[in-house]
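Participant: what follows is a protein structure lacking sequence information:
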């Protein structure tokens, strides 16, 4: 009886843990942060070496997140693999397509020994390019409470305590299916949040053609990856980094929302602004801070902080400087903040925004040559930009380039 009770206790603990994890994921706002947490927790429950999430996008299953302990170790340059533009047709020829179309969980014990009578096959291209061996697979539809399938979760290579690859168990299916259903609801909510942000940016784009959807997606992604490496270098915990990034990506995307308050005659002027017009243009940083002025929300507080400070410069020559009351009229500028007086979020977004503006083609300018852009950023280290952030930027430049190629104009 002792052994039976012990096993029952373990199952109860596992269920309680599942409920707590499910409750936690509902609070994540950023879609990438959510997918990261979903994969981590699903893999923990099944002791899976890796996993991938595909979400429905434009009538295809698009690769959105991947983890693999054997291939992608935590640390420097670890996130380049997240920015891969890959999609799968929604049909039954692939494993993920089959699971999406049928709505059924699929468990495969050996990916290299699949019955030829089934309609799907396993694509071994990833194994060949990465020198990896996929064996056991557990593929589950992400189905909401309304029965809508928003994507597919695939777990790879369950492991025993010694690290040997084993098959997924029936219990794994029960727990992960329950978790996946709740995760799907959170995914749907996070997708709505991202869509809302992009709609807001579409409004800004109508006013200012520089603020495009791809531009803000790139700036948001550059920013969180620079932060990730910076915080990792500082010895911050993985959990703290992930929690910060959940707010940071979306807040960074909103850095120029204050421009909606600027007149079209200035915002869309094809010629160089006069001194007076430039002073009016500069007020967009204060307008943005006003827009997000809600101290009860961590996200709003970060968005306000970035909006207000992303035009400050490391050497103190930026704007708007120290403002005690952002609602005071008329808006008055003061000597710029210097060095670490500028919040780390704004220091990172400043570099991300300038890099993307220079390297991207716009209606009013051609893209700069990549070497020219990188030389400029090096020159501005210690002047416009925090030298430490510049160093991190170059350390992870392969990740930056991957992001640039993923979110193309």
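Facilitator: Nice, thanks for sending it over. Remember, predicted model here, so these are calculated numbers, not experimental data.

Participant: ok, the closest residue in space to residue 231 that isn't next to it in sequence - contacts?
Facilitator: Nearest residue to residue 231 in three dimensions, chain neighbours excluded: residue 241, at 4.7 Å (Cβ to Cβ, 6 or more residues apart in numbering). All C-beta spots, glycine's among them, are computed from the backbone N, C-alpha and C. Taking Cβ atoms under 8 Å, 6 or more residues apart in numbering as the criterion, residue 241 is in contact with 227, 228, 231, 232.

Participant: against residue 240, how distant is the last one?
Facilitator: With distances defined as Cβ to Cβ, to the nearest Å, the gap from residue 232 to residue 240 amounts to 11 Å.

Participant: so which of these two has more stuff around it?
Facilitator: A side-by-side neighbour count of residue 232 and residue 240, using other Cβ atoms under 10 Å, places residue 232 first with 17 against 10.

Participant: name the residues of stretch 85-101 that are buried.
Facilitator: Neighbour-count burial for stretch 85-101, with 16 or more other Cβ atoms under 10 Å as criterion, is recorded at 88, 90, 94, 95, 96, 97, 98, 99, 100, 101.

Participant: residues of stretch 240-249 that come out buried?
Facilitator: Using 16+ other Cβ under 10 Å as the test for burial, stretch 240-249 gives 241, 242, 244, 245, 246, 247, 248, 249.

Participant: from the chain's centre, how far out does it sit?
Facilitator: If you compare the mean C-alpha spot of stretch 240-249 with that of the full chain, they lie 9 Å apart, counting by Cα atoms, centre = their mean, to the nearest Å.

Participant: the host helix or strand of residue 244: how far from the chain's middle?
Facilitator: Counting by DSSP states H and E, the secondary-structure element that holds residue 244 is helix 238-253. Distance, stretch centre to chain centre, for helix 238-253: 8 Å (Cα atoms, centre = their mean).

Participant: ok, stretch 125-137 next?
Facilitator: The chain centroid and the centroid of stretch 125-137 are separated by 25 Å under Cα atoms, centre = their mean.

Participant: starting at the chain centroid, how far to the helix or strand encompassing residue 278?
Facilitator: Secondary structure here is read from DSSP H and E; on that basis residue 278 sits in helix 275-282. The chain centroid and the centroid of helix 275-282 are separated by 34 Å, computed with Cα atoms, centre = their mean.

Participant: ditto for stretch 394-405
Facilitator: How far stretch 394-405 lies from its chain's middle: 14 Å, per Cα atoms, centre = their mean.

Participant: would you mark the buried spots in it?
Facilitator: Taking 16+ other Cβ under 10 Å as the criterion, stretch 394-405 shows 395, 396, 399, 400, 402, 403, 404 as buried.

Participant: format the residues you listed as TSV; extra columns: pLDDT.
Facilitator: Written out in TSV, the entries for the buried residues of stretch 394-405 read as follows (pLDDT from 0 to 100):
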residue	pLDDT
395	96
396	96
399	94
400	96
402	92
403	94
404	94
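
Participant: between those, which is nearest residue 263?
Facilitator: Each of the buried residues of stretch 394-405 was scored against residue 263 by Cβ to Cβ, and residue 404 proved nearest at 31.8 Å.
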